[in-house]
Each structure stands twice: as structure tokens, then as C-alpha cells.
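A.B. asks: Give me a model of this one.
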Amino acid sequence: MSAVFPFSAIVGQDEMKHALLIAAVDQSVGGVLVFGDRGTGKSTAVRALAELLPKMKVVEQCRYGCDPLADASVCADDCSVRKVGRVPKAKQVPVPVVDLPLGATEDRVVGALDLERALTKGEKAFEPGLLAKAHRGFLYIDEVNLLEDHLVDLLLDVAASGENVVEREGLSLRHPARFVLVGSGNPEEGELRPQLLDRFGLSVEVTTPTDLPTRVDVVRRRDAFERDSAGFLERWKKEETKLRRRITQAKTRLPEVKVTDATLERAAQLCLALGTDGLRGELTLIRAARAAASLAGAAEVDDTHLKQVAPSALRHRLRRDPLDEAGSTVRVERAITELFGE
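C.D. replies: Residues are numbered from 1 along each chain as shown. Model (predicted):
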């Protein structure tokens, strides 16, 4: 397996890296959309984060990567042993990062009849698809704005329910499919459907660095990695270990982080000022701020955490205003200044 560029060695792109860390700490935030120029480290960051995360426990014989301590009622596989009181054997595996290619068929995504078993043994058996492989991990879609409409509809259904329901070729089953949806793309190549856009918890804009020192540092590190990946990884091992420990501690601390009524009011005021549709904006803003506070080692969410995550949590939820030519990021930052002050 080829080496993966270390997350802590990525130069700049702080908002993107912070959004991915938040999604790793709290999956309920709803995933991350990264839009921007080509060659700005979008896919590198996603794969680097997966390498950074601690291994997870799964049921040994389960093809869906179920948690040994979780409810097995929706699993179609060997996890059913828990229903009769037996504790399943567990093993540790890396957190999965599954690529969903643009040309993937629906069968490849949701799963289909296992033709080999059907032809050789005459048995109807299910062959899990990409959604099963991504359970409890990351489902990564590059050029997500070019994804076919029928796959978008499918993803919306699974993202809403956390289950993949398969009814085809005489098969009828369901299995858990909870994952962090990460999409990347170039806005110049097409817009994302509003229904899918709303499903992403955080939206990040990345740009090509314009200052000389940053560009030189990016090229220097990438060149060093490609010339001697083992040596480069060894040099960054300490930083990776520190960041891995920080994520683990943040996940453990997350349930204890407090959100006061005053903070809830601040979040609601900000969403009202921006005119966001529905209440998903407030929910995402609070969840992301709580994860940011946990990453920072804070016991309580405050204005600093709200201001930190507001642009990525709200910029993609704004209605277009024909009387305001400012971009969504500028509008969010302006509302933050008006509400919180400089």
C-alpha cells in the first residue's frame, strides 16, 4: 500500500483541516464539502485524516464493520449472534475511506446479488457495495458536483436514515450505513444540487496560496515526501502522534462539553440575521462549535468557538440576495462582526 502524506504536514488550508477534524470528532456534524481550485490538497487532506485516526473495533465476521457494542437489529450479517445473547468476537481495523467514483453504477454503490454464488451454488446472497464498506468511516466523492442525479437521490435517502435498504433481484435486506460524507470539487465545473448541498454539515472554500513562502513550503514538503516517503513520515511521526492523541481526547471529552442557553441564543441570532432556511443551520453550528471546543480542551462552548465555525457551518445555507452582491463568506463574516463585535 502506498504511503499517505501526513495530515500535520499539510501547509496552510487551516479551515479545511479544522473542518475535517471536527467531522472526525463528531460525525453528527454531517460531513464536509470542500470546494476550490485543483491541486490545493483536498483529496490529500481526506486520506491523511483517515490515516491519522485510531483504529476502530468491529465485529470479526461482519461485512458491514459493525461496532461490537452497538445495536445489531439493522445488521443483515453475523452480528445477529448478539440477538441471542452471545458476545461476538471483535478485531481492530483502520477507519475506512471509500472513494465513490463518478461513473459508479447503482449496484456498485448499494450492493447487489452475488452472481458467483448464484451461478455456482444456486444461492441468493448479497454482495455489499460501497455504502457498506464506508460504514463508520468516510465516503469520499471527488467532483461531487458532477455526480449523477440518481446517485444523489440515493445518497440523500441513506444519509437521512443511516441505513441502506436493498430491494432487488429477489433480495430484501437492510444494513447500517452511517458515514462522514466528504465531497470536493471545483465550482467552475458546475453547482451542487441544493438538496445534497444542505446535507453537508460544513462547507469550506480553498484557494491556491498567493504568498511566495507558503508556495515554496508546499512544494518543498511534497517533493521531500515523494523522494523519501519513509524518511518524511518518520520526521512527522511525533506531530502525527500528538494530533492523534488530541482527536482521541476530544472524542472522549465531547459529551461533557457544555452549551449554555446564552450560546444557543447567540447561534439562533446569527442564523436569524443571515436568514438561513430551517433549523439545520443552528443545529450544525452548535454541534460544530461543541466539537471545536472539545478539540481546544475547553469545558464550555463560547463566542470564540461559534465565530470560528460559523463561516463553514452557514455559508452554504444562505439564500441568494439580488440586492447584495457580496459572496456568502463575506455575508457571514459581516453578520458575525455585527453580532459579536470586532
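A.B. asks: Next secondary structure after the least confident helix or strand in the chain by mean pLDDT?
C.D. replies: Among the secondary structure pieces of the chain, namely its helices and strands, helix 115-121 has the lowest mean (mean pLDDT, DSSP states H and E), a mean of 60. Elements were assigned by DSSP states H and E; along the chain past helix 115-121, the next helix or strand is strand 126-128.
A.B. asks: Mind giving me the packing neighbours of that following strand?
C.D. replies: Counting contacts by 3 or more CB pairs under 8 Å, 6 or more residues apart in numbering; DSSP states H and E, strand 126-128 packs against strand 111-113, strand 171-176. Quick note: C-beta positions are derived from backbone N, CA and C, even for glycine.
A.B. asks: quick one: buried residues of the longest one?
C.D. replies: Judged by neighbour count (16 or more other CB atoms under 10 Å), strand 171-176 contains these buried residues: 171, 175-176.
A.B. asks: Which one of those residues is nearest to residue 312?
C.D. replies: Within the set of the buried residues of strand 171-176, residue 176 lies nearest residue 312; the separation is 27.3 Å, counting by CB to CB.
A.B. asks: you'd agree the closest one is up against residue 162?
C.D. replies: Yes. Look at residue 176 against residue 162 with CB atoms under 8 Å: they come within range, at 6.5 Å.
A.B. asks: quick one: residue 272 and residue 102, what's the gap?
C.D. replies: Computed with CB to CB, to the nearest Å, the distance linking residue 272 and residue 102 is 38 Å.
A.B. asks: For residue 295, which residues are in contact?
C.D. replies: The neighbours of residue 295, taking CB atoms under 8 Å, 6 or more residues apart in numbering as the test, are 21-22, 25, 246-247, 250.
A.B. asks: give me that answer again for 7 Å
C.D. replies: The neighbours of residue 295, taking CB atoms under 7 Å, 6 or more residues apart in numbering as the test, are 21, 25, 246, 250.
A.B. asks: ok, now residue 224?
C.D. replies: In this structure, residue 224 makes contact with residue 232, judged by CB under 7 Å, 6+ apart.
A.B. asks: Phi and psi next, for it.
C.D. replies: Torsion angles at residue 224 (phi, psi; degrees, to the nearest 10) stand at phi -60, psi -40.
A.B. asks: residue ranges for the helices of the stretch 1-150 of the chain, please.
C.D. replies: 14-25, 42-52, 106-110, 115-121, 130-133, 149-161 (DSSP state H, counting those that start in this stretch).
A.B. asks: and the third one, which residues are buried?
C.D. replies: Buried positions in helix 106-110, judged by neighbour count with 16+ other CB under 10 Å: 108-110.
A.B. asks: Dump these to JSON lines, plus distance to residue 11 and pLDDT.
C.D. replies: Listed next are the buried residues of helix 106-110 as JSON lines, based on distance: CB to CB, whole Å; pLDDT from 0 to 100:
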{"residue": "108", "distance to residue 11": "35", "pLDDT": "87"}
{"residue": "109", "distance to residue 11": "34", "pLDDT": "87"}
{"residue": "110", "distance to residue 11": "38", "pLDDT": "85"}
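A.B. asks: and the gap between residue 240 and residue 281?
C.D. replies: Using CB to CB, one obtains 34 Å as the distance from residue 240 to residue 281.
A.B. asks: More neighbours: which of the two?
C.D. replies: When residue 240 and residue 281 are compared on other CB atoms under 10 Å, the one with more neighbours turns out to be residue 281, at 24 against 17.
A.B. asks: for whichever strand or helix holds that one, the distance to its chain's centre please.
C.D. replies: Applying DSSP H and E as the criterion places residue 281 in helix 280-295. If you compare the mean C-alpha spot of helix 280-295 with that of the full chain, they lie 14 Å apart, counting by CA atoms, centre = their mean, to the nearest Å.
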